[in-house]
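Enquirer: A structural model of the following input is requested.
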Amino acid sequence: MQSYILINCNTGSENELISELKKFPEVTEVNGIWGKYDIILKVCSDNIDGIDKIVSKLRNHKDITNSYTMHVLYGQGGTIDEIESGRQ
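Expert: Numbers count the residues shown, from 1 in each chain. Sure, this is the predicted structure:
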């Protein structure tokens, strides 16, 4: 299962938070972004429980003020479908 998570954090905590999030095994990509949110995560897990665990960690983090999780829909294009069908 793959998901994208948008994060808002306390001002000035972005760099430290990004460094910390890179260490999470479920996180495959993390970037600071401009706009309504501060950070975007790409996370992967074998099942929904793995995604739930990472979201729970994020919600309890002292510097994270808000998050928004978007689960990828299989069968609607993109790299995840190419990986599943062996067309990398």
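Enquirer: And the longest helix seen in the chain, what does it pack against?
Expert: Longest helix in the chain, counting residues (DSSP state H): helix 48-59. Where contact means 3 or more CB pairs under 8 Å, 6 or more residues apart in numbering; DSSP states H and E, helix 48-59 is packed against strand 2-9, strand 64-71. Yep, even glycine has a C-beta here, placed from its N, CA and C like the rest.
Enquirer: State the distance from D52 to T65.
Expert: 20 Å (CB to CB, to the nearest Å).
Enquirer: Burial check on V43, number of neighbours?
Expert: 24 (other CB atoms under 10 Å).
Enquirer: swap that for I39, please
Expert: 21.
Enquirer: ok, what's across the strand from it?
Expert: Assessed by DSSP bridges, I39 has beta-bridge partners I7, G32.
Enquirer: separation between it and G50?
Expert: Applying CB to CB, the value for I39 to G50 is 19 Å.
Enquirer: now do L6
Expert: Going from L6 to G50 by CB to CB gives 18 Å.
Enquirer: In contact with the closest residue to N47 other than its chain neighbours, which residues?
Expert: Ranked by CB to CB, 6 or more residues apart in numbering and with sequence neighbours excluded, the top spatial neighbour of N47 is M1, at 6.3 Å. By CB atoms under 8 Å, 6 or more residues apart in numbering, the contact set of M1 is C44, S45, D46, N47, I48, G50, I51, H71, V72.
Enquirer: Before I go, just wanted to say thanks for your time.
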